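Participant: okay, predicted coordinates and the sequence, questions at the end:
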Amino acid sequence: MTRRAVVVGTGHYLPERVVENAEFEATLDTTDEWIRSRSGIERRHFAAEGETTSDMAARAAERALADAGLTADDVDAIVVATSTPDLTFPSAATMVQSKLGMTKGFAFDVQAVCAGFVYALSNASALIASGQASRVMVIGAETFSRIMDWTDRSTCVLFGDGAGALLLEAQDQPGTNKDRGILATDLNSDGRYKDLLYVDGGVSTHTTGHLRMQGNQVFRHAVEKLASTANTALDRAGLSAGDVDWIVPHQANIRIIQGTAKKMGLSMDNVVVTVQDHGNTSAASIPLALSVGKDRGQIKEGDLIVTEAIGGGLAWGAVVLRW
Ligand code: ACO
């Protein structure tokens with residue numbers, strides 16, 4: 001038997017305020033048509049004044065617990081993927097722990113920008129496989145609206161806020177690629193590409209900073225690296241693209257999503273797409289898409305899913321799991 005990390009609950013939270021593309025036309029030299037056609041984004045949610053990453057993460061986690069029919073006492077660990085924590089420290093994960101009323105276990109953040117959720121899933125799977133935890137709440141949560149330069153039309157129209165959560169549980173499975181749970185992962189980074197996507201501030205430089213991106217350069221890397229990491233993870237699981245029911249990609253740009261599916265030889269009918277409604281929510285985009293995809297009735301028990309993401313670092317990776 002093999003101890004696998006199986007998804008037993010999902011939940012997501014989106015802030016109340018919805019901002020349509022057209023709102024940017026008042027302050028920037030941009031149009032709804034440009035944003036829609038270049039990125040696929042139609043609207044995004046922005047957190048309210050005072051609403052933080054850990055607030056949204058805790059709401060998503062509460063919903064994942066309710067979905068699983070479990071309580072915070074049943075969870076051993078919390079992993080939050082975020083690049084926009086409430087404070088420099090403590091971690092957003094420990095804040096979520098307290099908001100859920102959890103007094104045991106352990107909690108920590110993972111920072112790999114838009115690839116954060118696949119890194120967090122990979123870590124959580126290892127914690128479960130090694131017996132260090134039996135139930136892990138894995139959350140992606142971001143308030144990217146706080147690090148936008150509102151005068152930079154090439155970035156500020158692309159990002160949004162939100163949170164998504166998966167509750168993973170250790171389950172003994174036969175040990176084949178027909179098992180439920182996480183079957184394989186693939187993580188990569190290459191720090192030589194730091195200047196393509198970064199925030200120009202931080203604790204040791206005494207500012208919060210703003211997101212800076214050479215979008216077309218990131219785009220060039222994205223399709224190639226995403227298809228490659230997805231295929232590597234599938235290969236590790238002894239599976240191929242033809243076995244995939246759903247690609248649940250990082251939701252940055254519809255053209256990247258379409259290009260990656262095409263490169264993998266899969267149709268857009270096999271892709272969960274939420275970018276039109278959420279924009280790019282960085283580490284939150286995959287768990288948001290998984291939770292929404294399940295609520296829409298797209299993702300069902302037994303489906304083979306590949307998640308893949310790339311972001312600042314560059315950092316990228318993929319996770320293959322059976323729902
Ligand atoms: N409205 C109107 N025009 C604009 C806007 C805007 N909002 N933004 C840029 N433009 C202009 C540019 O100034 C440029 O004008 P020029 O030709 O006169 O110089 C023109 O549009 C084309 O710009 P490009 O950057 O070449 O446009 P592109 O087709 O590449 O689309 C985009 C830009 C949407 C940013 C795309 O490159 C992209 O999605 N890149 C990848 C983003 C991504 O995946 N990031 C990784 C994850 S994010 C993370 O990790 C935090």
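Facilitator: Perfect, thanks for sending it.
Participant: quick one: distance of the longest helix belonging to the chain to the chain centre.
Facilitator: When the chain is parsed with DSSP state H, its longest helix is helix 215-236. Offset of helix 215-236 from its chain centre (C-alpha atoms, centre = their mean, to the nearest Å): 16 Å.
Participant: could you pick out the residues of the stretch 201-323 of the chain near the ligand for me?
Facilitator: 215-216, 218-219, 222, 252-253, 256, 280, 282, 310-312 (C-beta under 6 Å from any ligand atom). Placement of C-beta: from N, CA and C, glycine included.
Participant: bridging residues for Val79?
Facilitator: Val79 has these beta-bridge partners by DSSP bridges: Phe108, Val138.
Participant: what does Ala170 give?
Facilitator: Beta-bridge partners of Ala170, as defined by DSSP bridges: Ala5.
Participant: what's the separation between it and Ala5?
Facilitator: 7 Å (C-beta to C-beta, to the nearest Å).
Participant: these two: which is more packed in?
Facilitator: Ala5 (29 against 19; other C-beta atoms under 10 Å).
Participant: nearest residue to Ala252 other than its sequence neighbours?
Facilitator: Leaving aside its chain neighbours, Ala252 sits nearest to Asn280 (4.6 Å; criterion: C-beta to C-beta, 6 or more residues apart in numbering).
Participant: a strand runs through Ala309, doesn't it?
Facilitator: Yes - assessed with DSSP: H, G, I helix; E, B strand; the rest coil, Ala309 lies in a strand.
Participant: which parts of the stretch 51-200 of the chain sit against the ligand?
Facilitator: 113-114, 153-154, 157-158, 197.
Participant: one more pass at 5 Å, please.
Facilitator: 113-114, 153-154, 157 (C-beta under 5 Å from any ligand atom).
Participant: can you tell me the distance between the two ends of stretch 25-44?
Facilitator: Across stretch 25-44, the terminal residues are separated by 15 Å (C-alpha to C-alpha, to the nearest Å).
Participant: which neighbours do Ala170 and Ala5 share?
Facilitator: Shared contacts of Ala170 and Ala5 (C-beta atoms under 8 Å, 6 or more residues apart in numbering): Ile128.
Participant: enumerate the positions of stretch 37-57 that are buried.
Facilitator: Across stretch 37-57, burial judged by 16 or more other C-beta atoms under 10 Å covers 38-47, 51-57.
Participant: got the contact list for Gly209?
Facilitator: Gly209 sits in contact with 147, 199-202, where contact means C-beta under 8 Å, 6+ apart.
Participant: neighbour-wise, which one of these leads?
Facilitator: Most neighbours among the contacts of Gly209, by other C-beta under 10 Å: Ile147, with 21 neighbours.
Participant: my guess is that one contacts Val199, does it?
Facilitator: Yes - checked against C-beta atoms under 8 Å, the pair Ile147 and Val199 is within contact range at 5.6 Å.
Participant: residues in contact with the nearest residue to Val271 once chain neighbours are set aside?
Facilitator: In this structure, Val271 finds its nearest non-sequential neighbour in Ile247, 4.8 Å apart by C-beta to C-beta, 6+ apart. Counting by C-beta under 8 Å, 6+ apart, Ile247 touches 230, 260-261, 264, 266, 270-272, 305-308.
Participant: which ones among those residues lie within strands?
Facilitator: Using DSSP state E, the members of these that fall within strands are 305-308.
Participant: now the helices for this protein?
Facilitator: Going by DSSP H, the chain shows helices at 32-39, 53-68, 92-99, 116-129, 153-156, 215-236, 254-263, 275-278, 285-295.
Participant: so who does the residue of the stretch 151-300 of the chain found nearest the ligand touch?
Facilitator: Taking C-beta to the nearest ligand atom, the ligand has its nearest neighbour within the stretch 151-300 of the chain at Gly215, 2.7 Å off. Going by C-beta under 8 Å, 6+ apart, Gly215 touches 154-155, 158.
Participant: any idea of the pLDDT on it?
Facilitator: On the pLDDT scale, Gly215 is placed at 94.
Participant: and Asn123, by the same measure?
Facilitator: Note for Asn123: predicted pLDDT of 98.
Participant: how close does it sit to Gly259?
Facilitator: Taking C-beta to C-beta, one finds Asn123 at 28 Å from Gly259.
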